[in-house]
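Asker: Quick one: sequence plus predicted model below, questions after.
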Amino acid sequence: MYYDNVPTGFASAAQRAANPKLKWLVADSTSGNLLMFFLLLQAAIANIEGRWLNPVPYLSSFVVPSIHMGIA
């Protein structure tokens with residue numbers, strides 16, 4: 001579960017447009033959890049001076065089979 005206020009997340013632009021009050025997501029995944037944790041940590045420290053990581057090459061085979069969204 002994470003709040004949808006990060007640049008790297010599971011919600012697409014179409015899902016955000018369909019759910020304008022979207023605040024959080026729950027992703028059900030048996031793999032890739034450490035990668036997602038790393039990306040969320042990177043987003044948390046994004047304002048610290050340094051270099052940006054391009055996560056796209058690392059996410060090419062990453063799949064989440066079930067995503068749940070909430071507005072409350």
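Answerer: Looks like it came in fine. Numbering: from 1, shown residues only.
Asker: Any stretches of the chain with poor pLDDT?
Answerer: 8, 47-51, 72 (pLDDT under 70).
Asker: Mind naming the longest helix for the protein?
Answerer: Assignment by DSSP state H gives helix 33-44 as the longest helix of the chain.
Asker: Next secondary structure after that helix?
Answerer: strand 66-70 (DSSP states H and E).
Asker: Could I get the buried residue list for that following strand?
Answerer: By neighbour count on 16 or more other Cβ atoms under 10 Å, the buried set for strand 66-70 is M69. Yep, even glycine has a C-beta here, placed from its N, CA and C like the rest.
Asker: Give the partner strands of that strand in its sheet and their orientations.
Answerer: For strand 66-70, the paired strands and their directions (DSSP bridges) read strand 24-28 (antiparallel).
Asker: Show residues contacting the strand it pairs with.
Answerer: Among residues not part of strand 24-28, those counted as contacts by Cβ atoms under 8 Å, 6 or more residues apart in numbering are 1-4, 9-11, 36, 64-70.
Asker: How about the contacts made by the most centrally placed residue in the chain?
Answerer: In the chain, the residue lying closest to the centroid (Cα atoms, centre = their mean) is G9, at 1.9 Å. Counting by Cβ under 8 Å, 6+ apart, G9 makes contact with 2, 25.
Asker: any idea how far it is from A27?
Answerer: The spacing between G9 and A27, counted by Cβ to Cβ, to the nearest Å, is 9 Å.
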